[in-house]
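Undergrad: Give me coordinates for this.
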Amino acid sequence: MCDQKGFPYQGRFIINPGKGYDIETETRPIDAVCPNCGGQIIQTRFGYACVNHLSVNSLCNFIIPNFICNRYITVEEAEAFCNGNGDILDGFFNKQGKWFSAYLTRTENGNVELSSIIGKCPVCGQDVLVGPTAFNCSNYRHGCDFKIWRHYYGHKVNLQDAKELLDHGKLKMPFEAFDKLGHVHALTLKVGLHNEIQVTSYK
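TA: This is a model prediction of the structure:
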């Protein structure tokens, strides 16, 4: 079938005896529900939107744009964010011509936006920002060298790990890591007495 502008779309006729017919169009849902209202999230040409956002009398404003700062947001990334498992995304490109890393977050009114702020620096209290290789204090130009590397012994430090370190000073759960001979170890990260990140055995 084609819409009024001539664009083809997929759908089917639903016969209602004595009442004529309806046209049921095909949509592509993703494996997630709206964090604002619980509605199904479907793919649109603009992004991943709540079905209640697409109704005539829109009841919800939730949508994840599928193209942000010259980077495509994949279905898997949208699903992870909606399900509370969002992580750091690399490869964004800003208007100043610089690459940067960030994560998806929601504002107070439910809109989706990017943020690079992970938490507060334990040394100077300024914001800690995610970068391509490490989480760095934003006050580095004034001498603060606090950082959390994004990889330790083959383990990727995710968004939750970084926030736990800044909020609690250590990770709650161990992670599997590898030495140079390939042996598997249970390790953890913690903030040391001099605010350095320490890798220790988990006991």
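
Undergrad: C-alpha only now, for contacts and for neighbours.
TA: Noted.

Undergrad: In which helix or strand does the closest residue to residue 117 other than its chain neighbours reside?
TA: What sits nearest to residue 117 in space, not counting adjacent residues and going by Cα to Cα, 6 or more residues apart in numbering, is residue 129, at 4.7 Å. Using DSSP states H and E, residue 129 sits in strand 127-130.

Undergrad: same deal with residue 118?
TA: Assigned by DSSP H and E, residue 118 falls within strand 117-120.

Undergrad: Can you pull out the residues in contact with that strand?
TA: For strand 117-120, the surrounding residues in contact (Cα atoms under 8 Å, 6 or more residues apart in numbering) are 126-130, 135, 159, 162-163, 166-167.

Undergrad: May I ask which of those has the most neighbours?
TA: Among the contacts of strand 117-120, residue 130 has the most neighbours (other Cα atoms under 10 Å), with 29 neighbours.

Undergrad: Might you report the residue contacts of that residue?
TA: With Cα under 8 Å, 6+ apart, residue 130 has these contacts: 101-102, 116-118, 136.

Undergrad: hang on, the earlier thing: hmm, which two among the contacts of strand 117-120 are most spread apart?
TA: 126 and 159 (17.9 Å; Cα to Cα).

Undergrad: Name every strand pairing with the strand holding residue 118 and say which way it goes.
TA: Strand 117-120 has its sheet partners listed here by DSSP bridges as strand 127-130 (antiparallel).

Undergrad: next SSE after the strand it pairs with?
TA: Defined by DSSP H and E, the subsequent element after strand 127-130 is strand 134-137.

Undergrad: Name the single longest helix found in this protein.
TA: Criterion DSSP state H: the longest helix present in the chain is helix 159-168.

Undergrad: Give me the contacts around that one.
TA: Contacts of helix 159-168 (Cα under 8 Å, 6+ apart): 86-88, 118-122, 135, 148, 170-172, 189-191.

Undergrad: Let's see that with 6 Å instead.
TA: When contacts are defined by Cα atoms under 6 Å, 6 or more residues apart in numbering, helix 159-168 is touched by residues 87-88, 171.

Undergrad: Let's see it as CSV, backbone CA atoms only.
TA: Provided in CSV are the C-alpha atoms of helix 159-168 (Å, rounded to 0.1, in the frame of the first residue of the first chain):
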residue,chain,number,x,y,z
LEU,A,159,29.3,3.1,33.3
GLN,A,160,28.1,1.4,36.4
ASP,A,161,31.6,0.5,37.5
ALA,A,162,32.8,4.0,37.2
LYS,A,163,29.8,5.4,39.2
GLU,A,164,30.3,2.8,41.9
LEU,A,165,34.0,3.8,42.3
LEU,A,166,33.1,7.5,42.6
ASP,A,167,30.1,7.0,44.9
HIS,A,168,31.4,4.2,47.2
